[in-house]
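> please find the sequence and the predicted model below.
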Amino acid sequence: MKKITFILLLSLFFSVNYSFAQVNNLTEVVLFGNKKIIKEGSLIRCATTEYEEYLKSKNPNRLSTSEFEQWIAPKIKIEKEKRKNTSKVLQQNAVITIPVVVHVIHNGNIIGTDENIFDEQVISQIQVLNEDFRKKSGTPGFNTNPVGADVEIEFALARRDPAGILTNGINRVDLGQESWSTDEVDSFVKPQTQWNPEKYLNIWVVKFSGNNLLGYAQFPDASGLAGINNNGGPANTDGVVIGYAFFGSSSYFPAGTYVNNYDKGRTASHEVGHWLGLRHIWGDGGCDVDDFCADTPNAGQENQGCTVGVDSCPASPGVDMIENYMDYSNDACMNIFTSDQKNRMITVMNNSTRRASLKTSDALVPGTTFANDASTMIVNLNINCSTNFSPVIKITNKGTSPLTRASIQYGIDNQNLQTYNWTGNLLNNQSQNITLNSLTTTIGNHNFNCNITSVNGTTDQNASNNGSTINFNIERSLNYSSNTVNFSLQLDHYGEETTWKLTNKAGVILYEGGPYTDTDDETGPLPALINTTFSLPSNDCYTFSIFDSQGDGICCEYGAGYYDLKTPSGEVIASGDEFGTGETTKFSINSLSTNESEKLNSVYLYPNPTSNLLNIVVENKLDSPEAYTIINTLGQTIKSKKIESEQDLSINVSHLARGIYFLKLSKNQSETNTIRFIKK
């Protein structure tokens, strides 16, 4: 793996020491409004000091480290005495269950794409939290260490939303933005989406700007307690924030989106530990700085990777507890909260504002249900190498009465809406996928929406889950005549980070590769060039995708790698090197489809919408149309003309009434393409 450091932004009240290796290339980053110089291409593991300064600037009365410890220390002592005098049976009966809402913040992507993660990935994370906090036998959260503790805290997705309606505890919110800075998360995302923090543990799953943060948490608020000033831990920012690729477990849901070594759900275990008052095991300082837990051996700094037996503080007893959830080890190496850490977390749950109230929350009581209530979810648009596609949606009966019929309105860009009348028989919580009629659009960015207009012949009693919308992009894809495609891959020195795959229209993986092997010497020669030949059937759409798990592509600081796909004649289908986390290319081979939208596919229109001139752009001269016809939404021909010169590729549509039209392009009386345009 590249020698880089991930961020764990933690809203704790403690200082941290930073050390950087001597570097040649430096770059500037901004954390919570403060500039920081780091090695180019590297990431920051922890920015506690920056976040604390940010929070202090918002509220100067915020408790200092010493003030917080003065408040919590005597309460921990009382908790220890109480537990010492309590039977094991009673302790087991005192398990605390915390209601959780997971806010999946996305940009209109289809569920399962990028930051709009699957429900199953969320559920896998709750499973990991319960295994880790309960030290469950037979799971990765179990340990045999004498100081290892069952924290007796569990987590469950909420069953009731703030309005009292039944929920699954997953709140998907399209905020119209793909990624977020830490400032934006605290100032906009949290306040806009948070559920009452006195009833729910709010967890936000987001795509951070740069996609280089693991997460951060807000330390527990002690306000309202006798003898303590209001520390100003704001209620409207209280909770935990996790980068989407570090949330959930690949062991329990392999189809999710993850980053290697941080794919077992331990980022959330770590951050929830902070949310419950735990410090890093090295005390955010070194051998002489306390984490206020006597059973965690002193550590000089954070540990990364999975090196057992490290003793960074030889003058103190014990070796570094790299397996502790509050270290920075790889996910798979973590498996312990200690007894003293447990006492600290239980004390917070019994005393801290917005933590103690969770024990009496009604968020786990199932919310209100309705007799007639159906929901929709967009499953797949089935977009391939054309502007024509058939969306698949899922309809679910959320009501208590059987769902036997529903009317669903759908369309692109809220134009030319169509109605699908579904019939069937679904009992409560049963679902069925529906393939809607084919739709045709234009190259560019669009949105698809569907909305239930009636169920069982009457009005849906819960309109909040009736609609679903996603954004999508139709890319220009080219058709190639060769059934043979040559793939070349020059890896950088970190082949373990690189994977790729080639799929057909049905999503079947035809070819794939990686991860590969790292080279031992960054200054030595690069690995041998990899050459592979693909033999591809005609009349199909293909998608080539290449990924880098560390988000920096395969060029250039760690070796000048690259990839390309070419036909035997040298025609380049795709190529790249600095592609970040990954990139995708769609193309077709000898496409023989009679579907109009799959012909002349290198032709597009601009501007669209237009008020005056509509220009026909031909990227591949072989696809130059010979004639065009303008058709209105009633199917009537408005104008037809042969294309005999470059001037004919610019059409004056100023005389047309405002509305939607279709431009049908034709060539050789067999190849056609119909593109929608809007006259404004």
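Yep, it's here.

> contacting residues for the residue most central in space within the chain?
In the chain, the centroid-proximal residue (Cα atoms, centre = their mean) is residue 115; its distance is 2.1 Å. Residues in contact with residue 115 (Cβ atoms under 8 Å, 6 or more residues apart in numbering) are 104, 105, 106, 107, 109, 178, 179, 205, 206, 207, 244. (Glycine included, C-beta is placed from N, CA and C.)

> surely the third one is in contact with residue 173?
Yes. With contact defined as Cβ atoms under 8 Å, residue 106 and residue 173 form a contacting pair (7.3 Å).

> comparing those two, which shows the higher neighbour count?
Neighbour tally, residue 106 and residue 173, criterion other Cβ atoms under 10 Å: the higher count belongs to residue 106, 26 against 14.

> from the chain's centre, how far out does stretch 181-199 sit?
Put simply, stretch 181-199 sits 17 Å off its chain's centre (Cα atoms, centre = their mean, to the nearest Å).

> just the element for residue 545, please.
Residue 545 belongs to strand 540-548 when assigned by DSSP states H and E.

> and the next helix or strand after that strand, how far from the chain's centre?
For strand 540-548, the succeeding helix or strand toward the C-terminus, using DSSP H and E, is strand 562-566. Between the centre of strand 562-566 and the centre of its host chain there is 28 Å, according to Cα atoms, centre = their mean.

> same question for stretch 194-209.
Its chain's C-alpha centre and that of stretch 194-209 lie 14 Å apart, by Cα atoms, centre = their mean.

> before we move on, what about stretch 341-348?
Its chain's C-alpha centre and that of stretch 341-348 lie 31 Å apart, by Cα atoms, centre = their mean.

> what does the average pLDDT come to for it?
For stretch 341-348, mean pLDDT rounds to 92.

> so which other helices or strands are in contact with the strand holding residue 545?
strand 498-503, strand 572-576, strand 582-589 (3 or more Cβ pairs under 8 Å, 6 or more residues apart in numbering; DSSP states H and E).

> 7 Å instead, please
Other elements packing on strand 540-548 under the criterion 3 or more Cβ pairs under 7 Å, 6 or more residues apart in numbering; DSSP states H and E are strand 498-503, strand 582-589.

> in terms of mean pLDDT, which of the ones you listed ranks lowest?
Among these, strand 582-589 has the lowest mean pLDDT, at a mean of 87.

> in that strand, what counts as buried?
Neighbour counts over strand 582-589 (16 or more other Cβ atoms under 10 Å) mark 582, 583, 585, 586, 587, 588, 589 as buried.

> same check, this time on stretch 390-397
If you call a residue buried by 16+ other Cβ under 10 Å, then stretch 390-397 has these buried ones: 391, 393, 394, 395, 396, 397.

> can I get those in TSV including distance to residue 536 and pLDDT?
Below are these laid out as TSV (distance: Cβ to Cβ, whole Å; pLDDT from 0 to 100):
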residue	distance to residue 536	pLDDT
391	26	91
393	31	93
394	32	92
395	36	94
396	38	94
397	42	95
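
> among those residues, which are in strands?
Among those, DSSP state E puts 393, 394, 395, 396, 397 in strands.

> taking those residues, tell me the two that lie furthest apart.
Within these, 393 and 397 form the most distant pair, 14.1 Å apart (Cβ to Cβ).

> ok so, going back, can you list the strands that the strand holding residue 545 pairs with?
Partners of strand 540-548 in the sheet, by DSSP bridges, are strand 498-503 (antiparallel), strand 582-589 (antiparallel).

> could you dump those into CSV and include distance to residue 359?
Converted to CSV, these look like this (distance: least, Cβ to Cβ, whole Å):
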stretch, distance to residue 359
strand 498-503, 45
strand 582-589, 43
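
> for those, which one sits closest to residue 438?
strand 582-589 (17.5 Å).

> got the buried residues for whichever helix or strand comes after the closest one?
Next helix or strand after strand 582-589 toward the C-terminus (DSSP H and E): strand 603-606. For strand 603-606, burial by neighbour count (16+ other Cβ under 10 Å) applies to 603, 604, 605.

> tell me which helix or strand the residue nearest to residue 410 when sequence neighbours are not counted sits in.
Using Cβ to Cβ, 6 or more residues apart in numbering and skipping residues adjacent in sequence, the residue nearest residue 410 is residue 450, 3.9 Å away. Secondary structure from DSSP H and E places residue 450 in strand 444-455.

> residues in contact with that strand?
Under the criterion Cβ atoms under 7 Å, 6 or more residues apart in numbering, residues 108, 372, 374, 376, 378, 381, 391, 393, 403, 406-414, 460, 466-474 lie in contact with strand 444-455.

> flag every buried residue along it.
By 16+ other Cβ under 10 Å, the buried positions in strand 444-455 come out as 446, 448, 449, 450, 451, 452, 454, 455.

> export that strand as PDB, just CAs?
C-alpha atoms of strand 444-455 as PDB (Å, rounded to 0.1, in the frame of the first residue of the first chain):
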ATOM      1  CA  GLY A 444     -26.300  14.800 -21.500                       C
ATOM      2  CA  ASN A 445     -27.500  15.100 -17.900                       C
ATOM      3  CA  HIS A 446     -31.100  14.300 -17.000                       C
ATOM      4  CA  ASN A 447     -33.200  13.000 -14.200                       C
ATOM      5  CA  PHE A 448     -35.700  10.200 -14.000                       C
ATOM      6  CA  ASN A 449     -38.600  10.300 -11.600                       C
ATOM      7  CA  CYS A 450     -41.500   8.100 -10.700                       C
ATOM      8  CA  ASN A 451     -44.400   8.800  -8.400                       C
ATOM      9  CA  ILE A 452     -47.400   6.800  -7.100                       C
ATOM     10  CA  THR A 453     -50.600   8.700  -7.800                       C
ATOM     11  CA  SER A 454     -53.100   6.200  -6.300                       C
ATOM     12  CA  VAL A 455     -53.200   2.800  -4.600                       C
END
